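A.B. asks: 3D, please:
(one chain, ligands or ions: 1)
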Amino acid sequence: MRFDERLDPLLEEIAQKIRSCNKCQLAKGRTNAVPGEGPQHATMMLVGEAPGSAEDTSGRPFIGQSGKLLTDTMTSVGIQRENVFITNIVKCRPPENRDPTDKEIGTCAPYVLSQMDSISPVVLVTLGNVSYDFFSTTFYLPKKQVGEVRGKVFRLHSTGCKFLIPTYHPAAVIYNRKLQPDFIEDLRKAERYLKVPS
Ligand code: URA
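C.D. replies: Now for the predicted structure:
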């Protein structure tokens, strides 16, 4: 069984659309589209940038080096990966791991927004600049670099999701270990906000 076949029917419907998507040039170069994984009733959603090589090969998000750091950090602050929905803004790997273009992001955006709508997580954590940039544009949050907004808690209105918390991308933490304490603190905060009453 493929891991993402365990998705509940609503999320599976979105995943099927993603797997057969040919709306942009990234479809031509992919081995697998990477819809994301996690439970329909996840209270936390993590959104990265785009799949890398290991993710393209397997069809699963965050399973390479960045994924290991992310999963280990989540575990260390008491977040179980299997309880979280993990996905990316862009669902297919950009060649040579370049940043996705604005056009690719715009084309893929309806998928992550439908996932968010379908799950209605309490907390959405954006990982890195590409993810924060997308959600800050969508929800009229400050247009800032992730280093300036990480760890802040933005209250989202008129969506099913209550809080958006930006943090660094795990690849940035691997590259610059000085970011690690903040990364840990941000994920710890995200876990705490799951329990904040409305
Ligand atoms: N980087 C991302 O942004 N997403 C992944 O799934 C893997 C690496």
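A.B. asks: just the helices in the chain please.
C.D. replies: 9-19, 26-29, 53-58, 65-76, 102-119, 129-138, 146-149, 170-175, 180-193 (DSSP state H).
A.B. asks: buried deepest among the ones you listed, which one?
C.D. replies: helix 129-138 (a mean of 21; mean count of other CB atoms under 10 Å). (Each C-beta comes from the backbone N, C-alpha and C, glycine too.)
A.B. asks: how far does it sit from its chain's centre?
C.D. replies: Using CA atoms, centre = their mean, to the nearest Å, the mean C-alpha position of helix 129-138 is found 11 Å from that of the whole chain.
A.B. asks: run a quick neighbour tally on whatever residue of the chain ends up closest to the ligand.
C.D. replies: Closest approach between the chain and the ligand, counting by CB to the nearest ligand atom: residue 48, at 3.0 Å. Around residue 48 there are 28 other residues, counting by other CB atoms under 10 Å.
A.B. asks: now swap in residue 160 and tell me
C.D. replies: What residue 160 shows, counting by other CB under 10 Å, is a neighbour count of 12.
A.B. asks: circling back to that earlier point, go ahead and confirm the residue of the chain closest to the ligand touches residue 91.
C.D. replies: No. With contact defined as CB atoms under 8 Å, residue 48 does not count as touching residue 91 (10.9 Å).
A.B. asks: for the residue most central in space within the chain, which residues make a bridge with it?
C.D. replies: Among the residues of the chain, the one closest to the centroid is residue 47, at 1.1 Å (CA atoms, centre = their mean). Under DSSP bridges, the beta-bridge partners of residue 47 are residue 87, residue 126.
A.B. asks: residues touching it, list them.
C.D. replies: 87, 88, 89, 112, 124, 125, 126, 127, 131, 135 (CB atoms under 8 Å, 6 or more residues apart in numbering).
A.B. asks: as JSON lines, the helices of the chain with distance to the ligand would be great.
C.D. replies: Shown next, in JSON lines, are those (distance: least, CB to the nearest ligand atom, whole Å):
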{"stretch": "helix 9-19", "distance to the ligand": "13"}
{"stretch": "helix 26-29", "distance to the ligand": "13"}
{"stretch": "helix 53-58", "distance to the ligand": "4"}
{"stretch": "helix 65-76", "distance to the ligand": "4"}
{"stretch": "helix 102-119", "distance to the ligand": "12"}
{"stretch": "helix 129-138", "distance to the ligand": "8"}
{"stretch": "helix 146-149", "distance to the ligand": "13"}
{"stretch": "helix 170-175", "distance to the ligand": "6"}
{"stretch": "helix 180-193", "distance to the ligand": "14"}
